[in-house]
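K.L.:
Here is my input; please provide its structure:
(2 chains)
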Amino acid sequence: MSVKLSTRQVGDVTVIDAAGRITLGEAASSFRDEIRNLANKGEKKLLLNLSEVSYIDSSGIGEMVSSFTTVTNHGGQLKLLGLNKRVKDLLQITKLYTVFEVFDDEASAVRSFA
Amino acid sequence: MLLDSTLDSVEVAETEVLKAAQDIGFGEDELHQLGMAVRESMVNAVVHGNRYNARKKVHLSVTQDADRLTVVIADEGDGFELNELPDPLAEENLLRQSGRGLLLIRAFVDEFQVRRGEPTGTEVRMVKYLAKAS
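P.N.:
Prediction:
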């Protein structure tokens, strides 16, 4: 099973809803391409909703970090929403909690971009 | 078990190890951790070790004991020096795209050893204990 991505607007925030597994191969690259396309289109406020993501491996984490750098370099922000315990553990182990802003509820996440 | 140097082998190895782990009674969280450690190790063997070379194989060995599962994954690549790899937790490396696989393996198994294979390659040995008293 791969990752499914869809985007929606909440005010001026672009929410990317991801579902499935973000692992080495097609899933990780489609994830990277989606975020790059949004950054290239000038979207500055990106919220990645991972609440339906069941599994991320080190390649998936790498693509999240790479996407963070891409968006930041375009003058934007990429924040995370709805991490399950296993994904939270991964961010703890890799110290990426110090890099990403993480939210449990969408309204707070959206307000944080203001 | 001999596996081809393809990403399909990652799935095969994960399935094989999880079946063995389930047999001796590992719980859901432990299975997830073990599965992830095996995936990361297999990706290292296929991608970084054998570099997808069709002539090279990945060797998988799974040993069940009453209290633990031992998994050995060996490639036929050029090998690497563990202490020469950048520390993925160092401030300057946090935004690197790659280099976190071994960190995750270490976090998810109880024992982890890397050694050079004979005559070439890298052998990773991982042990996870059942209901480890800690």
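K.L.:
Spell out which helix or strand contains the residue sitting nearest the centre point of chain B, please.
P.N.:
In chain B, the residue lying closest to the centroid (C-alpha atoms, centre = their mean) is residue B:41, at 2.7 Å. Using DSSP states H and E, residue B:41 sits within helix B:28-43.
K.L.:
near chain A at all, stretch B:99-109?
P.N.:
Yes - Stretch B:99-109 reaches chain A (C-beta under 8 Å from any C-beta of the partner chain) through B:100, B:101, B:103, B:104, B:107. Backbone N, C-alpha and C define where each C-beta goes, glycine included.
K.L.:
and the residue nearest to the centre of chain B, what does it touch?
P.N.:
B:71, B:73, B:101, B:105, B:124, B:126 (C-beta atoms under 8 Å, 6 or more residues apart in numbering or on different chains).
K.L.:
Just the buried subset of the residues of stretch B:99-109 next to chain A, please.
P.N.:
The neighbour count (16 or more other C-beta atoms under 10 Å in any protein chain shown) marks B:100, B:101, B:103, B:104, B:107 as buried among the residues of stretch B:99-109 next to chain A.
K.L.:
So which of these belong to helices?
P.N.:
Using DSSP state H, the subset of those located in helices is B:101, B:103, B:104, B:107.
K.L.:
from the middle of its chain, how far away would the helix or strand of chain A with the lowest mean pLDDT be?
P.N.:
Here the helix or strand of chain A ranked lowest by mean pLDDT, DSSP states H and E is helix A:26-40, holding a mean of 86. Centre-to-centre, helix A:26-40 and its host chain are 10 Å apart (C-alpha atoms, centre = their mean, to the nearest Å).
K.L.:
Could you give me the buried positions within that helix?
P.N.:
A:27, A:28, A:31, A:32, A:34, A:35, A:38, A:39.
K.L.:
Show me what from chain A comes close to chain B.
P.N.:
Contact residues, chain A versus chain B (C-beta under 8 Å from any C-beta): A:23-25, A:57-59, A:61-63, A:65-66, A:68-69, A:86, A:90, A:93-96, A:98-99.
K.L.:
What is the neighbour count of residue 47?
P.N.:
Using chain A. By the measure other C-beta atoms under 10 Å in any protein chain shown, the count of residues near residue A:47 is 25.
K.L.:
my bad, the chain I had in mind was chain B
P.N.:
Other residues near residue B:47 come to 19 when the count uses other C-beta under 10 Å.
K.L.:
do you know how far the spatially closest residue to residue A:86 that is not a sequence neighbour is from residue B:46?
P.N.:
Spatial nearest neighbour of residue A:86, excluding adjacent residues (C-beta to C-beta, 6 or more residues apart in numbering or on different chains): residue B:32 at 6.4 Å. Distance, residue B:32 to residue B:46, by C-beta to C-beta, to the nearest Å: 21 Å.
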